[in-house]
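Q: coordinates only, sequence not included:
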């Protein structure tokens with residue numbers, strides 16, 4: 001699965017949890033530049049992403065994520081390892 005495909009699959013998850021149907025994710029999207037992406041939304045996003053892609057993130061991995069691009073890379077690595 002390519003980074004672009006993962007980003008496309010993340011799009012509806014973020015739109016639903018953040019209640020922003022018009023949200024367009026980019027690799028640079030993060031909690032500072034996306035409205036309503038607070039700590040509670042972040043927990044819900046991570047949970048939904050793990051469920052959708054059937055992967056598990058370690059706490060240390062999550063702490064290293066700076067933006068959506070980092071999340072896409074982590075998901076791609078996890079999918080490649082399975």
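A: That came through fine. Because the structure is a prediction, the values reported are computed rather than measured.
Q: was I right to think residue 7 contacts residue 71?
A: No - applying CB atoms under 8 Å, one finds residue 7 not in contact with residue 71, separated by 9.2 Å. For the C-beta atoms, the positions are set from N, CA and C on the backbone; glycine is no exception.
Q: more neighbours: which of the two?
A: residue 71 (24 against 19; other CB atoms under 10 Å).
Q: buried sites along the helix or strand containing that one?
A: Following DSSP states H and E, one finds residue 71 within helix 68-81. Using 16 or more other CB atoms under 10 Å as the test for burial, helix 68-81 gives 68, 69, 71, 72, 74, 75, 76, 78.
Q: tell me, what's the model's pLDDT at the fifth one?
A: What the model reports for residue 74 is a pLDDT of 97.
Q: again, but for the second one
A: pLDDT for residue 69: 97.
Q: how about the last one?
A: The predicted structure scores residue 78 at 95 on the pLDDT scale.
Q: how near is the closest residue to it other than its chain neighbours to residue 12?
A: In space, and not counting its chain neighbours, residue 78 is closest to residue 55: 4.1 Å by CB to CB, 6 or more residues apart in numbering. Distance of residue 55 to residue 12, given as CB to CB, to the nearest Å: 17 Å.
Q: now residue 48
A: Where residue 12 is concerned, residue 48 sits at a distance of 10 Å (CB to CB).
Q: how about residue 53?
A: Distance of residue 53 to residue 12, given as CB to CB: 13 Å.
Q: right, I'll leave it there.
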